[in-house]
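J.: please work out how this folds:
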Amino acid sequence: MDLEKPDAERPTPPVPRPPRRQPEAAGEGCLVVAIRLPVRTVVFLVVLPVRLVWDACAVAARWLGRTVFRPLGRALLWIGRAVFVWPLAGLWRYVLVPLGSALAWLGNLVVVVPAGWLYRYVLVPLGNALVWLYARVLTPFGHGVMWVLRGAAAVCAAIGLGAFAALARLARYLVVVPCAWLYRWVLTPVGRAVARCAKGLARLGGMLVTGIGTGLYWITRILLVLPLLAVWRWVLAPVGRVLAVVAREIWNALGHAWRVTGYISLAVGRFVGALFRWTVVEPARWVYARVLTPVGHVVRDVVLRPAAAAGRAVGRAVRQSLASARATLRQTRADLRRMLVGEQRPAPVENRREPIGGDTRTLGSSTTALTKD
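T.: You can find the predicted model right below:
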């Protein structure tokens, strides 16, 4: 039995599409390609030592920050707290706060209480007296004065209105009417003539200015603008494009060289680290593990532990000797006291316990000497 499908039923494999060209690579010319390789080579040779020095400085800075600057900063922080924060906190808590409380109590006693007494027993009665004086004396007097002034003002107003009407009529016929006639028949025609002359002069000046401006415009365009435009179009723009291509390639070369030198610097750092490890760290660890540790164990077991045990034994012997000497000294002192003073009688033992049996204390009977029958 045929398990395979015929060729007609097999799906055709997809045809791979050609990769699309990047727009930047599609627009690159021979100038870009000719500039890129030497620029990247020169920039790589320049950036490589810089990157190595930069990575070495970064590693040294991290090591210094971890081992030197961070402990130094903590020590300086503790010193700053001990020198500034704690004395200032103690000064605030134990000097300034009690002093402020004392000053507040003194200010209340010296200023607030006398001021309240002065306000309550002096200023308030004085204010009430002034209010009464204003309401009962000054207000009626002021009303009377205002009534008198209103009457005088009414009389003066009546006299003034008549005088004002006479003066207004006289000013109208002596000033206003002649001025209106002068404005209508003299000043208006003269002003119109002057305005027409000014308009003509302005039009003439505008025509002169327009002609001069047009001439200056064409002279400036021919002598300055067109040469500058030609220099910009045919000289500066091509040079700027070339410089832009060179600057872009230098920038791309710097980035590429920085990344590549980073990998090289990482490899060099790992090689130096491995070399330092296998030449210094591993031998030192081997010496510590295979030589110093067994020697230390032998010194500990043979010298230090026996010395410590001997020291403990000597200490116990010294303590026992001192204890026996103290006991002997106490016994000798007691014998001397007996020979000089005599045997002391033992103090009578008092029974401080509660009475037992029928002599126990009750609420109905008393056992003290003052209340006993």
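
J.: low-confidence ranges in the stretch 151-300 of the chain?
T.: Across the stretch 151-300 of the chain, nothing is flagged by pLDDT under 70.

J.: all helices of it, in order?
T.: All helices of the stretch 151-300 of the chain, identified by DSSP state H, counting those that start in this stretch, fall at 177-182, 188-220, 226-231, 237-276, 282-287, 293-299.

J.: kindly reformat those as TSV containing distance to Pro114.
T.: Bear in mind the C-beta positions are built from the backbone N, C-alpha and C, glycine included. Shown next, in TSV, are these (distance: least, C-beta to C-beta, whole Å):
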stretch	distance to Pro114
helix 177-182	75
helix 188-220	81
helix 226-231	88
helix 237-276	80
helix 282-287	84
helix 293-299	83
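
J.: looking at these, which is buried most?
T.: Stretch with highest mean neighbour count among the helices of the stretch 151-300 of the chain: helix 237-276 (a mean of 14; mean count of other C-beta atoms under 10 Å).

J.: and Gly296, what is it in contact with?
T.: By C-beta atoms under 8 Å, 6 or more residues apart in numbering, Gly296 lies in contact with nothing.

J.: out of the helices of the stretch 151-300 of the chain, flag the one nearest Phe44.
T.: Proximity to Phe44 (C-beta to C-beta) singles out helix 237-276 among these, at 4.3 Å.

J.: which strands and helices sit next to the closest one?
T.: helix 30-64 (3 or more C-beta pairs under 8 Å, 6 or more residues apart in numbering; DSSP states H and E).

J.: got the angle between the helix it packs on and helix 237-276?
T.: Inter-element angle recorded for helix 30-64 and helix 237-276: 40 degrees (by axes from the mean of the first three to the mean of the last three C-alpha atoms, to 10 degrees).

J.: pull out the buried positions in helix 30-64.
T.: Within helix 30-64, the residues scored as buried using 16 or more other C-beta atoms under 10 Å are Ile35, Arg36, Val39, Arg40, Val43, Phe44, Val47, Leu48, Arg51, Asp55.

J.: quick one: least confident of these?
T.: Lowest in pLDDT among the buried residues of helix 30-64 is Ile35, which has 70.

J.: any idea how far Thr41 is from it?
T.: Separation of Ile35 from Thr41 (C-beta to C-beta, to the nearest Å) stands at 11 Å.

J.: what's the answer for Thr139, then?
T.: Thr139 sits 106 Å away from Thr41, going by C-beta to C-beta.

J.: Pro238 now?
T.: Pro238 is 26 Å from Thr41, by C-beta to C-beta.

J.: do the same with Val272
T.: Taken as C-beta to C-beta, the span from Val272 to Thr41 is 26 Å.

J.: picking up where we left off before, for Tyr94, which of the helices of the stretch 151-300 of the chain is the nearest?
T.: The nearest among those, by C-beta to C-beta, is helix 293-299 at 52.6 Å.

J.: with just CA atoms, put that closest one into CSV.
T.: Taking Å, rounded to 0.1, in the frame of the first residue of the first chain, the C-alpha atoms of helix 293-299 are listed here in CSV:
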residue,chain,number,x,y,z
THR,A,293,45.5,25.3,58.7
PRO,A,294,47.2,22.0,59.7
VAL,A,295,50.0,24.0,61.4
GLY,A,296,47.3,26.1,63.2
HIS,A,297,45.5,22.9,64.3
VAL,A,298,48.8,21.4,65.5
VAL,A,299,49.7,24.6,67.4
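
J.: oh, and call the first residue 577 from now on, that's how I've got it
T.: Okay, using 577 as the starting number, the last item reads as helix 869-875.

J.: circling back to that earlier point, as JSON lines, the buried residues of helix 606-640 with distance to Gly831 would be great.
T.: Below are these laid out as JSON lines (distance: C-beta to C-beta, whole Å):
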{"residue": "Ile611", "distance to Gly831": "16"}
{"residue": "Arg612", "distance to Gly831": "13"}
{"residue": "Val615", "distance to Gly831": "12"}
{"residue": "Arg616", "distance to Gly831": "10"}
{"residue": "Val619", "distance to Gly831": "10"}
{"residue": "Phe620", "distance to Gly831": "11"}
{"residue": "Val623", "distance to Gly831": "10"}
{"residue": "Leu624", "distance to Gly831": "14"}
{"residue": "Arg627", "distance to Gly831": "12"}
{"residue": "Asp631", "distance to Gly831": "17"}
